[in-house]
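Colleague: Attaching a predicted model along with its sequence, questions to come.
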Amino acid sequence: MYKVAVIGDTASVSGFAALGLSVFRETEPEKISKLISKLAASEFAVIYITEPAAALVSDTINKYRSAKLPSIVLIPAIEGNTGDGMRALHQAVEKAVGSDILN
């Protein structure tokens with residue numbers, strides 16, 4: 001059975017544990033990068049990562065963009081939305097459909 005993970009700062013991700021998701025409180029780029037690789041090699045199908053954490057490891061995330069699993073989804077952090085998650089969604093839709101149908 002596949003699992004779902006959430007990566008980010010403590011304040012942003014702690015609430016996800018109540019939903020039964022695997023929560024990883026991490027903010028250091030090297031540790032986040034290693035964690036993503038470890039989770040991808042395990043049974044994690046979806047990895048939610050806060051936008052600030054994702055900005056620190058964009059190269060690692062890009063390695064998995066064309067992979068079937070895991071799906072890495074950017075989510076806003078507690079301090080707000082940077083828009084990176086929506087930009088990534090628009091790019092994925094445009095790549096899949098051929099045009100940005102979300103606008």
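Modeller: All right, it came through fine.
Colleague: helix or strand right after the host helix or strand of K38?
Modeller: Using DSSP states H and E, K38 sits in helix 29-41. Beyond helix 29-41 in the direction of the C-terminus, DSSP H and E gives the next helix or strand as strand 44-50.
Colleague: Okay, now the sheet partners of that next one, with direction.
Modeller: Strand pairing for strand 44-50, using DSSP bridges, gives strand 3-8 (parallel), strand 71-75 (parallel).
Colleague: Could you single out the most deeply buried of these?
Modeller: Mean neighbours per residue, mean count of other C-beta atoms under 10 Å, is largest over the strands paired with strand 44-50 for strand 3-8, with a mean of 22. No exception for glycine: its C-beta is placed from N, CA and C like everyone else's.
Colleague: mind showing which ranges of this protein have poor pLDDT?
Modeller: Within the chain, the stretches with pLDDT under 70 are 85-86, 89-97, 100, 102-103.
Colleague: Between strand 3-8 and the helix holding K38, find me the angle.
Modeller: 170 degrees (axes from the mean of the first three to the mean of the last three C-alpha atoms, to 10 degrees).
Colleague: what helices or strands is helix 29-41 leaning on?
Modeller: strand 3-8, strand 44-50, helix 51-56, helix 58-63 (3 or more C-beta pairs under 8 Å, 6 or more residues apart in numbering; DSSP states H and E).
Colleague: That one: how far from the chain's middle?
Modeller: 11 Å (C-alpha atoms, centre = their mean, to the nearest Å).
Colleague: if we can go back for a sec, so which of the helices and strands packed on helix 29-41 gets nearest F16?
Modeller: With C-beta to C-beta as the criterion, F16 lies closest to strand 3-8 of the helices and strands packed on helix 29-41, at 4.4 Å.
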